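> Predicted coordinates and the sequence they were generated for:
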Amino acid sequence: MIHALLWMCLLFPPQSAEPSVSPEVLTLLQAGTDAENRSDFDQAIAAFRRAANLDPTAGIVFFKLGDAYMKKRDFAGAISPLQRAAELSPESLAVRQLLGYALLAEGYASQAIPHLTMIHEYGALGIAQLQTGQPGEAVANLQAALAKSPDDPDLLFYLSRAATALSGQSLDRLLSVYPKSARGYQALGQTDYEMKVFPKAVMEYEQAIAIRPDLPGLRLELGQVYAAGSEWEKAEEQFRGEAKLQPGSPEAAYRLGNALMQQGKMKEAIEELRRSDLLRPNMPETLYALGRAAAVVDPNLAEHAFARVIELEKETPLAGQAYLALAGIHRKQGKTELAAREMQEYGRIQTLTAGLEHKNP
């Protein structure tokens, strides 16, 4: 009896005007809870249902009945008693929470939203909003939930879905309202690039550049299209134009340096890659490219760049490639023992990486 009275105080405080219940109902509540504690949810549901038949005006009874269904993972069965509990005790946050969860679990996302909003359950609310075509609101609420649980895989998954949906919604709006704008052509070019339809992507980006030749990012993206097709001279031209337009962009400098390196223009490549490293220090990909470009013309610079890659990357495949490149430099310098140790490290990382891929195919 004492436990049942305690539930009533916690879940249905005095201001909710929850009516008192009879001793018979309290006995059934206690019996149902005892059954729950034994994980005998069918018996608990039977006890709570008898209590509901005895007193159809007791919100606590319907709450406990709905809660038992939830613990049994019978979300459909939970909805009706929880809706009745919400009618009898509209201010109870515990009831609203379970009802919101039950509705969402059964696919009634729009009906779940008012309950989840009332209790500020941002994660479930964001999921419900995503399912009802409100990706902008979903992104905001899922980000709020992630601030409290930053490593929750479900929240991360749904935030990714919501962001993708919001991006698609924005893109559809852009293409329907401004299809012939520079941004419209840019969006189409990006889509064609992702689909590997490179000739069409080139045409879209060229249209965008013709409309707004000073728009940052266009030449960078067009250069990436050319780079994907190994058209390095054309890629260099676009990256150089982007670097001129945005001299403070580390990515433009990196892309230009890489394009120069691919054409064997190592001294120019080193200059651009060092500039990229100055603009955004300690980027492993930049340092690795710098090491490759410097390997022949400035081995000391290459050694330093590859060593920084290893320091930053530890045991990743990129660190393995840096060990391999260092071994090549040291072998040419006659440092055979050092080269042999670096080859051992390269082999160790290769084996480690292969093992991880085997575990996570």
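On my side now, so go ahead.

> Enumerate every residue touching the residue lying closest to Leu103 once chain neighbours are set aside.
If you skip the residues right next to it in sequence, Leu103 has Ala112 as its closest partner in space, 3.8 Å away by C-beta to C-beta, 6 or more residues apart in numbering. No exception for glycine: its C-beta is placed from N, CA and C like everyone else's. Contacts here follow C-beta atoms under 8 Å, 6 or more residues apart in numbering; on that basis Ala112 touches Leu99, Gly100, Tyr101, Leu103, Leu104, Ala124, Ala128.

> so where does Ala112 fall, helix or strand?
helix 109-118 (DSSP states H and E).

> Render the CA-only coordinates of that helix in PDB, please.
C-alpha atoms of helix 109-118 as PDB (Å, rounded to 0.1, in the frame of the first residue of the first chain):
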ATOM      1  CA  ALA A 109       4.700  10.700 -35.400                       C
ATOM      2  CA  SER A 110       2.400  13.800 -35.900                       C
ATOM      3  CA  GLN A 111       0.300  12.700 -32.900                       C
ATOM      4  CA  ALA A 112       3.400  12.200 -30.800                       C
ATOM      5  CA  ILE A 113       4.800  15.700 -31.400                       C
ATOM      6  CA  PRO A 114       2.500  17.600 -28.900                       C
ATOM      7  CA  HIS A 115       3.400  15.300 -26.100                       C
ATOM      8  CA  LEU A 116       7.100  15.300 -26.800                       C
ATOM      9  CA  THR A 117       7.100  19.000 -27.200                       C
ATOM     10  CA  MET A 118       5.400  19.400 -23.800                       C
END
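
> picking up where we left off before, which single one of the contacts of Ala112 is nearest to Gly136?
Distance from Gly136 was checked for each of the contacts of Ala112 by C-beta to C-beta. The minimum falls on Ala128, at 13.8 Å.

> residues near that closest one, how many?
Residue neighbour count, defined by other C-beta atoms under 10 Å, stands at 27 for Ala128.

> Now Gly100: closest residue in space that isn't a chain neighbour?
His115 (3.6 Å).

> Contacts only, for that neighbour.
The contact partners of His115, by C-beta under 8 Å, 6+ apart, come to Ala86, Arg96, Gln97, Leu99, Gly100, Leu103.

> I'd assumed Gln83 was in contact with the fourth one.
So that's Leu99. Yes: applying C-beta atoms under 8 Å as the test, Leu99 and Gln83 come out as touching, 6.5 Å apart.

> Pick out whichever of those two has more residues nearby.
For Leu99 versus Gln83, the count of surrounding residues by other C-beta under 10 Å is larger for Leu99: 29 against 18.

> tilt between the helix or strand where that one lies and helix 109-118?
In this assignment (DSSP H and E), Leu99 forms part of helix 93-105. Comparing the axes of helix 93-105 and helix 109-118 via axes from the mean of the first three to the mean of the last three C-alpha atoms, to 10 degrees yields an angle of 150 degrees.

> For helix 93-105, what is the distance to the chain centroid?
Using C-alpha atoms, centre = their mean, to the nearest Å, the mean C-alpha position of helix 93-105 is found 25 Å from that of the whole chain.

> hmm, back to that, who wins on neighbours among the contacts of His115?
In terms of neighbours by other C-beta under 10 Å, the contacts of His115 top out with Leu99 at 29 neighbours.
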